[in-house]
Structures are given as C-alpha cells and as structure tokens.
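Visitor: Quick one: sequence and predicted model below, then my questions.
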Amino acid sequence: MLSKLRYRWLLNRLRHQSVGLEECNPDLVAEYAKATGAKVIYRVNEQPHCPQLSRDFDKLVKHKLMKRRRSYLYDLSGFMVAPRSTYVYRVEPKMIHSTTWVDR
C-alpha cells in the first residue's frame, strides 16, 4: 500500500476515535496490518508490534497532523505492567476537517 493511503487510513481511523489511539493497542495493530499488509512482530508474552505503524505515526507527528502524549501501561487493578511507556495519538484540531495529506 502506498504511504499516502496508509496516512489517510490512520487519519480517518483517528478521526472516528474521539479519545485517541494507543500505539500498542493489539486491535489497532491487527486492523492496520490487515488494511495495509504491514508485517507484525509477535513476541512471547508481549503486545504485537508493527514497525511500519510506528514509522507512520512518527511521520504524522513530524508534519504536525497529530499530537503524541506519553502513557504508561496499567493492569485492571491499577498497577503498572511495565516500566516502559507507550504513546496515545490524537489528531490536531486544525486537521479534523482538512483534506491535506503528508506524502510529498
């Protein structure tokens, strides 16, 4: 899939998610891999990881189409699962109704 279409898919997915998208969300990784054909890395006892998804998020943040906020993983009882963090992405307010895309 072309990068322009991947960015469009991510921005459209993010516009329909009011609270933002979490980078390590297994459902998002599976949807993204199915829609774009990107490779997913599965490790034992860890969240699935898609390097292409991370690069696309970084590119959209770099071009100021999204905002990134650091978040930590907690289990249901409120304890931190891992010391490493993940990111939650939200679309910039100026981009909600815009039709400009990143690919140059």
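Guide: Okay, I see it. Residues are numbered from 1 along each chain as shown.

Visitor: which residues in this structure form helices?
Guide: 3-15, 26-36, 51-62 (DSSP state H).

Visitor: out of those helices, which comes closest to Gly78?
Guide: helix 26-36 (20.6 Å; C-beta to C-beta). (Each C-beta comes from the backbone N, C-alpha and C, glycine too.)

Visitor: Mean confidence (pLDDT) on the closest one, please.
Guide: For helix 26-36, mean pLDDT is 89.

Visitor: Arg8 - how many residues pack around it?
Guide: 16 (other C-beta atoms under 10 Å).

Visitor: list the contacts for the residue nearest the centre of the chain?
Guide: Taking C-alpha atoms, centre = their mean as the criterion, Glu23 is the residue nearest the geometric centre of the chain, at 4.2 Å. By C-beta atoms under 8 Å, 6 or more residues apart in numbering, Glu23 lies in contact with Leu53, Ser54, Phe57, Thr86, Tyr87, Val88, Tyr89.

Visitor: Nearest to Met66 among those residues?
Guide: Of the contacts of Glu23, the one sitting nearest to Met66 (C-beta to C-beta) turns out to be Tyr89, at 4.9 Å.
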